[in-house]
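Asks: next comes the sequence, and after it the predicted model I'd like to discuss.
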Amino acid sequence: MIRILRQIARTGVVTEPHHKPDDDSGIIEIGRLLEEAIRKRFRGSLAIRQVDAGSCNGCELEIHAVNNPIYNCERFGIHFTASPRFADMLLVTGPVTHNMEIALKRTYEATPSPKIVVAVGDCGCNGGIFGENYASLGGISKVIPVDVRIPGCPPTPAMLLEGILRAVGE
């Protein structure tokens, strides 16, 4: 234990300093518009069910970033739910693998109407680098109807918030 404490004392603090995102004012503006649209259409709260249909998890990391203390999507009225039965929106990532096809269809059917489907990332939009092959059906639209596409590999948290705003504004 003493050896570890000495190592810590020799090394010092090695973490990076905290910094705000470069486009903080842009995030606040998007958030203000998003909050207004959510208040009008959903009476103040948008419940999102995130579905991984077979992605590499790059988009999931950015979705988690949207919910972290820096971007904090909950201040705009967005929260994530574990059940599609309580969701207003499905946020789907990755190309749809053959194994996830039935699960994605069931999740879509379990979501109450009116439901919004957002395809996230290049893989969700058109299959991305995986395309259509023996394991993948391609983009989300091959399995369920998609309302909004958010391209990028992976899209930034700001792009995700803009895509959600486009979906809610329709």
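Replies: Everything's here; your move.

Asks: would you point out which residue is most central in the chain?
Replies: The residue lying closest to the centre of the chain (CA atoms, centre = their mean) is residue 63, at 3.6 Å.

Asks: residues in contact with that one?
Replies: Residues counted as contacts of residue 63 (CB atoms under 8 Å, 6 or more residues apart in numbering) are 50, 91, 93, 120, 160. All C-beta spots, glycine's among them, are computed from the backbone N, C-alpha and C.

Asks: same question for residue 110.
Replies: Shown in contact with residue 110 (CB under 8 Å, 6+ apart): 83-85.

Asks: phi, psi for the residue nearest to the centre of the chain please.
Replies: Note on residue 63: its backbone torsions stand at phi -70, psi -40 [degrees, to the nearest 10].

Asks: now do the top helix by length along the chain: everything it contacts.
Replies: Counting by DSSP state H, the longest helix found in the chain is helix 24-42. Here helix 24-42 makes contact (CB under 8 Å, 6+ apart) with 21, 44-46, 71, 73, 75-78, 88, 157-158, 161-162, 164-165, 168-169.

Asks: by contact count, what packs against the lengthiest strand in the chain?
Replies: Counting residues, the longest strand in the chain under DSSP state E turns out to be strand 46-52. Helices and strands touching strand 46-52, by 3 or more CB pairs under 8 Å, 6 or more residues apart in numbering; DSSP states H and E, are helix 58-66, strand 78-80, strand 89-93, helix 101-110, helix 157-169.
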